[in-house]
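# Predicted coordinates and the sequence they were generated for:
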Amino acid sequence: MNPKPKIVSTFTGCGGMDLGFEQEGFETIWANDFEEMAVETFKRNISSNTVLGDITQIDPFTDPTIPEADIVMGGFPCQDFSVIWKQPGLSGERGGLYKNFAEFVTAKKPKVFVAENVKGLLTANKRMAIKTIVEDLQSISPGYLIKPRLYNFADYGVPQFRERVLIVGVRADTGFNFKHPRRTHGPHGIFPYLTAGQALENVEDVPYNNEQLNQRPRTREILNRIPEGGNFTDIPKDSPFYVKGMISHVYRRIHRNEPAKTIIAAGGGGTWGYHYPEPRSLTNRERARLQSFPDWFEFVGSTTEVRRQIGNAVPPEGVRPLASRLMRIFTGDYTPVDLTQEISRLNSMTIAERVKEANEEVD
């Protein structure tokens with residue numbers, strides 16, 4: 001039996017993307033994050049091979065504790081690219097951290113890399129952020145076939161409408177003409193969407209991370225005026241319970257017959273995500289279900305810290321089709337081709353054209 005392909009994981013968080021890849025036969029042999037409780041969660045559920053620390057202080061070229069890798073992954077911080085908040089992009093305090101991810105790719109020269117970020121990356125800095133990142137990754141020797149794509153994880157069996165950019169790079173000398181996996185759920189798939197109601201069946205039986213928050217009477221009154229799937233805009237402005245919200249997440253209630261809206265990591269003012277029909281915020285276990293984490297996965301930390309871990313995570317089930325596709329490189333289940341012309345063709349396209357083509361690919 002072939003050994004499992006080895007992952008070096010950066011900006012790992014609690015390990016959502018790692019879990020999805022491990023479920024498809026990969027193994028994370030080194031991981032890093034600077035959030036202590038996220039690292040503890042990773043240790044409890046996935047592996048002890050994780051390092052707590054600031055990645056800007058870690059040198060992948062000289063640090064002997066960082067092993068060689070078949071794949072480098074990372075969801076470099078996304079706040080500076082988010083469409084929910086302001087969008088300083090590469091000029092933001094954390095926007096430039098993608099360079100640390102690129103250093104790991106340069107140092108380890110893996111057969112594959114996978115970078116993850118929010119949808120806002122595609123428009124940040126007047127669309128120059130994504131262009132700069134792809135061009136920097138493209139310049140890494142010995143050369144990579146790079147395909148960015150906007151995923152909606154509901155299309156891959158996650159009970160949540162969650163859009164994220166995945167930038168996949170395949171080393172040119174593998175000859176693997178990578179295409180993103182076809183959608184499996186919703187109007188473009190063969191299965192219906194998995195709904196929030198289905199995901200939350202019997203969730204009350206899970207013993208971990210299932211504490212309910214103390215709900216203020218006013219919050220209950222607000223929620224009692226919002227229908228299934230609705231939000232703060234359903235309350236008339238002349239109502240004493242009217243709330244002025246800046247984003248659609250404010251007092252957003254789930255709809256049992258649809259995937260949930262995006263689970264977010266932080267924020268007050270009614271952004272916790274809310275149950276229906278019960279007039280209360282979702283528990284962290286309910287959020288974890290909507291993010292497709294298995295019930296055995298136990299998060300470590302306070303309620304607020306666990307909320308952050310879940311909201312920042314990549315849904316494990318959402319990346320399993322991608323992991324399965326990339327496993328072919330390591331099993332040899334493909335016919336190698338010369339990727340020189342394909343890389344040249346992609347480099348002649350705009351990023352918008354490349355993303356559009358990747359979204360339309362069927363394989």
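Yep, it's here. Numbers count the residues shown, from 1 in each chain.

# dump the residue contacts of the residue nearest to residue 285 when sequence neighbours are not counted.
The spatial neighbour of residue 285 that comes closest, neighbours along the chain excluded (CB to CB, 6 or more residues apart in numbering), is residue 210 at 4.1 Å. To be clear about C-beta, it is placed using only N, CA and C from the backbone, and glycine gets the same treatment. Residue 210 makes contact with 203-204, 283-286 under the criterion CB atoms under 8 Å, 6 or more residues apart in numbering.

# Need the max-distance pair from the residues you listed.
204 and 284 (13.1 Å; CB to CB).

# So between the two, which is more surrounded?
Using other CB atoms under 10 Å as the criterion, residue 204 and residue 284 rank with residue 284 on top: 25 against 11.

# what residues are up against that one?
Applying CB under 8 Å, 6+ apart to residue 284 gives the contacts 209-211, 299, 303, 306-307, 310.

# For it, give me phi and psi.
The phi/psi pair for residue 284 (degrees, to the nearest 10) reads phi -60, psi -30.

# Which of the helices or strands spans residue 295?
Using DSSP states H and E, residue 295 sits within no helix or strand.

# Tell me who's in contact with it.
Neighbour list for residue 295: 206, 208, 285, 289 [criterion: CB under 8 Å, 6+ apart].

# Same question for residue 263.
For residue 263, the contact set (CB under 8 Å, 6+ apart) comprises 160, 162, 273, 287, 290-291, 310-311.

# Mind checking which of those residues are in helices?
287, 290, 310-311 (DSSP state H).

# Go through these and give me the one with the most neighbours.
Within those, neighbour counts (other CB under 10 Å) peak at residue 310, which reaches 29 neighbours.

# ok, for that residue, nearest residue in space, not its chain neighbours?
That would be residue 287: by CB to CB, 6+ apart, it lies 4.8 Å from residue 310.

# isn't that neighbour right next to residue 311, touching?
Yes. In this structure, residue 287 is within contact of residue 311 by CB atoms under 8 Å, at 7.2 Å.

# State the pLDDT value of residue 363.
At residue 363, the model reports a pLDDT of 68.

# typo on my end, residue 245
Note for residue 245: predicted pLDDT of 83.

# for the one 5 residues further on, same thing?
Confidence per residue is given as pLDDT, and for residue 250 that number is 93.

# Contact partners for it?
Residue 250 makes contact with 231-232, 243, 269-271, according to CB under 8 Å, 6+ apart.

# Same question for residue 42.
Contact partners of residue 42, counting by CB under 8 Å, 6+ apart, are 12-15, 18, 31, 33, 50.

# same deal with residue 339?
145, 170, 172, 175-177.

# What confidence value was assigned to it?
pLDDT, residue 339: 96.

# same check, this time on residue 293
For residue 293, the model assigns a pLDDT of 98.

# One more: residue 61?
Per-residue confidence at residue 61 stands at 96 (pLDDT).

# ok so, going back, which one (most neighbours) among the contacts of residue 339?
Within the contacts of residue 339, most neighbours by other CB under 10 Å means residue 176, with 24 neighbours.

# for it, helix, strand, or coil?
Classification of residue 176 using DSSP: H, G, I helix; E, B strand; the rest coil returns coil.

# same thing with residue 9?
State at residue 9, reduced to three classes by three-state DSSP: strand.

# Tell me the bridge partners for the residue nearest to it when sequence neighbours are not counted.
Spatial nearest neighbour of residue 9, chain neighbours left out: residue 31 (4.0 Å); criterion: CB to CB, 6+ apart. Residue 31 has the following beta-bridge partners by DSSP bridges: residue 9, residue 50.

# burial of residue 31, as a residue count?
For residue 31, using other CB under 10 Å, the count is 26.

# what sits against it?
Here residue 31 is in contact with 8-10, 12, 15, 18, 42, 46-47, 49-51 (CB under 8 Å, 6+ apart).

# Quickly note the distance from it to residue 41.
Residue 31 sits 11 Å away from residue 41, going by CB to CB, to the nearest Å.

# Mind listing the shared neighbours of these two?
Joint contacts of residue 31 and residue 41 (CB under 8 Å, 6+ apart) are residue 15.

# Need the per-residue pLDDT for the closest residue to residue 60 other than its chain neighbours.
Excluding its sequence neighbours, the residue lying closest to residue 60 (CB to CB, 6+ apart) is residue 107, at 3.8 Å. Reported pLDDT at residue 107 in the predicted model: 97.

# That's all I had, so thanks and see you.
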